[in-house]
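# I'd like to go over a predicted model; first the sequence, then the structure.
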Amino acid sequence: MSIGTTKLCHIAIIVKDIQKTMDNWSNFLGIEKPQVWKIPPSNEVPQFTHGKLEHYYDCQFAVFQLANVNIELIQPGEHSGPWKDALEKNGEGVESFAFIVPDRKEAMKTLKDLGAPKPFHIGYWPGGTYSFTDTSEQLGIEVNIKTDDDNTEIIKKLQSDPELYKKDLD
């Protein structure tokens with residue numbers, strides 16, 4: 001059994017200063033800087049960390065789209081969250097590898113079979129889902145399992161009852 005793909009979608013890098021780091025990557029690669037985005041509020045994009053609905057509106061991110069893989073820079077905000085926790089624990093650097101999979105439940109079963117815990121951070125947006133799992137013991141890095149599902153209906157349900165996300169873990 002496998003996660004169903006060998007295509008790495010992006011490498012996420014936690015940084016303290018997104019503007020400075022973007023300037024450096026832009027100069028290093030000889031390409032234009034991407035747009036900086038804020039994490040949308042949880043009422044638009046439900047995000048759960050350790051089972052709790054969270055808001056990461058002060059986090060910023062930018063994506064360099066390269067020929068073979070994307071580089072995602074993330075600057076945590078002042079509020080607690082998975083990216084701030086990673087920065088405080090490990091400092092700046094590579095935080096996770098992301099894979100877009102055809103079947104998230106199958107990918108999660110593969111991770112479970114490897115001995116990995118359930119995802120600690122899950123987010124839903126209209127065009128997909130992401131699930132962060134701490135696979136540092138199994139793979140040496142966190143893994144972000146992503147899908148390109150239409151989550152419009154799931155988001156509506158989660159907005160009325162956030163506890164429904166737990167059913168998605170089984």
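Perfect, I can see it now. Numbering: from 1, shown residues only.

# Distance-wise, check the nearest residue in space to M22 that is not next to it in sequence relative to N24.
In this structure, M22 finds its nearest non-sequential neighbour in K33, 4.7 Å apart by Cβ to Cβ, 6 or more residues apart in numbering. Placement of C-beta: from N, CA and C, glycine included. Applying Cβ to Cβ, to the nearest Å, one obtains 10 Å for the distance of K33 from N24.

# Over to E137?
For E137, the distance to N24 (Cβ to Cβ) stands at 32 Å.

# same thing with P126?
P126 sits 32 Å away from N24, going by Cβ to Cβ.

# Point to the helix or strand of this protein where mean pLDDT is at its lowest.
Ranking every helix and strand in the chain by mean pLDDT, DSSP states H and E puts helix 165-169 at the bottom, with a mean of 65.

# Just the pLDDT for the closest residue to V101 other than its chain neighbours.
With sequence-adjacent residues excluded and distances taken as Cβ to Cβ, 6+ apart, V101 is closest to A107, at 4.4 Å. At A107 the predicted local distance difference test score is 96.

# So which other helices or strands are in contact with whichever strand or helix holds A107?
Taking DSSP states H and E as the definition, one finds A107 inside helix 104-114. Counting contacts by 3 or more Cβ pairs under 8 Å, 6 or more residues apart in numbering; DSSP states H and E, the secondary-structure elements packed against helix 104-114 are strand 128-133, helix 136-139, strand 142-147.

# What are the contacting residues of the helix or strand following the last one?
Same thing as strand 142-147. Remark: after strand 142-147, the chain's next helix or strand is helix 152-160, criterion DSSP H and E. Among residues not part of helix 152-160, those counted as contacts by Cβ atoms under 8 Å, 6 or more residues apart in numbering are 43-46, 124-126, 164-165, 168.

# ok, now stretch 134-143?
Residues lying outside stretch 134-143 but in contact with it, judged by Cβ under 8 Å, 6+ apart, are 86, 94-99, 111, 114-117, 120, 132-133.
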